[in-house]
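Engineer: Sequence first, then the predicted structure:
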Amino acid sequence: MTLPPVVDPFARFRAATRARVGLGRSGDALPTTALLEFQIAHARARDAVHGAIDAEALARAFAPLPTATVHSAASDRAVYLRRPDLGRRLDDESAARLDALGEAGQGWDVVFVIADGLSAAAVAAHAQATVRAALETLGGRLSVGPLVIASQSRVALGDDIGARLKARMVAVLIGERPGLSVADSLGVYITFDPRPGRRDSERNCISNIHADGLHADQAARTLCWLVEEGLRRRITGIGLKEEAQPRLGAGEGGNLPPVLDPSDRLGELSS
């Protein structure tokens, strides 16, 4: 007697998503393959959280663009993870260095900050391509300050950096909290008139920049629209969200993604 082939009802769902769907079971446990895949995904996420960016290598990669390397008030990774507040302000040495740069300059339209956040792997994989694509898209229409590379950084460190450099706008490219599907996802947070105390609702967020998500070129086009339109309207955050998508339209690579508001990402630990 020939038995009919076993049909996996979840196969078509797994083909459409990276989420773990219909993993099956072996007795009262997961099958060995599914268990091992889960364990390696968890290990990659932990490695991403505890990884460190190579600030010197990043600065060399962006040459001849001027760069500045800074550190938050969190002295090391263990302190950074326990004390999010320290990751939101500069240490004394970095603050003094940026104050000097701010006094020497005339202020800039936008300053880009590359921050490790909760995934140094995301910064290494996607930050350079995103910034270079953004600079190409801007095409010299705005004055761009020195590129700031920040270690042990939370999103709000960009407010401290932008204020000291007298920037009208700051864009923080930061490693997002890794999940069990993606450990190297990059996010961008854009804030008009950066200064300490800015609320998350006063920022715009572009999320999920990675190989299986949003491409760097697409993210850069969205980023540049937000920067230029935010400068024109003198606002970012929820006030800029509503009309962004219709104005963006389609570009190379397909339709641009919707602009996300930070309130849609409550609980994001990289804030």
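Structural biologist: On my side now, so go ahead. What you are looking at is a predicted structure, and each value in this text was computed from that prediction instead of being measured.

Engineer: so what's the residue lying closest to residue 119 once chain neighbours are set aside up against?
Structural biologist: When the adjacent residues along the chain are set aside, residue 119 lies closest to residue 175, with 3.1 Å between them (Cβ to Cβ, 6 or more residues apart in numbering). Backbone N, C-alpha and C define where each C-beta goes, glycine included. Neighbour list for residue 175: 48, 115-123, 184-187, 270 [criterion: Cβ atoms under 8 Å, 6 or more residues apart in numbering].

Engineer: residue nearest the centroid of the protein?
Structural biologist: In the chain, the C-alpha nearest the mean C-alpha coordinate belongs to residue 187, at 2.0 Å (Cα atoms, centre = their mean).

Engineer: That one - that's part of a strand, no?
Structural biologist: Yes. Assessed with DSSP: H, G, I helix; E, B strand; the rest coil, residue 187 lies in a strand.

Engineer: My guess is it contacts residue 176. True?
Structural biologist: Yes. At 4.5 Å, residue 187 and residue 176 qualify as touching, with contact defined as Cβ atoms under 8 Å.

Engineer: re the thing from before, look up phi and psi at the residue nearest to residue 119.
Structural biologist: Summarising the backbone geometry of residue 175 under the convention degrees, to the nearest 10, its torsions are phi -70, psi 130.

Engineer: Please report how far the residue nearest to the centre of the chain lies from residue 223.
Structural biologist: As defined by Cβ to Cβ, to the nearest Å, residue 187 lies at a distance of 11 Å from residue 223.

Engineer: Now for these two: what residues contact both?
Structural biologist: Contact criterion Cβ under 8 Å, 6+ apart; residues shared by residue 187 and residue 223: residue 206.

Engineer: Which members of the contacts of residue 175 are positioned in helices?
Structural biologist: Within the contacts of residue 175, membership in helices is found for 48, 120, 121, 122, as judged by DSSP state H.

Engineer: where does the first one land on pLDDT?
Structural biologist: Residue-level confidence at residue 48 comes out at 89, pLDDT.

Engineer: Looks like it contacts residue 178 (just checking).
Structural biologist: Yes. Taking contacts as Cβ under 8 Å, residue 48 lies within contact range of residue 178: 4.2 Å.

Engineer: Need the overlap of contacts for those two.
Structural biologist: Residues touching both residue 48 and residue 178 by Cβ under 8 Å, 6+ apart: 118, 119, 121, 122, 184.

Engineer: Select only the buried ones of those in PyMOL?
Structural biologist: Buried residues within the shared contacts of residue 48 and residue 178, by 16 or more other Cβ atoms under 10 Å, are selected in PyMOL with:
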select buried, resi 118+119+121+122+184
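
Engineer: ok, the shared contacts of residue 48 and residue 178 vs residue 17, which is closest?
Structural biologist: Minimum separation from residue 17 among these (Cβ to Cβ) is found for residue 184, which lies at 18.1 Å.

Engineer: which residues does the closest one contact?
Structural biologist: For residue 184, the contact set (Cβ under 8 Å, 6+ apart) comprises 48, 119, 121, 122, 124, 125, 126, 175, 178, 210, 211.

Engineer: tally of neighbours for the nearest residue to residue 156 once chain neighbours are set aside?
Structural biologist: Take residue 156 and drop its neighbours on the chain: the residue closest to it by Cβ to Cβ, 6+ apart is residue 88, 4.0 Å away. Counted with other Cβ atoms under 10 Å, the neighbours of residue 88 add up to 20.

Engineer: ok, how many other residues are close to residue 160?
Structural biologist: Applying other Cβ under 10 Å, we find 26 other residues in the vicinity of residue 160.

Engineer: what's the answer for residue 227, then?
Structural biologist: For residue 227, the count of nearby residues is 27 (other Cβ under 10 Å).
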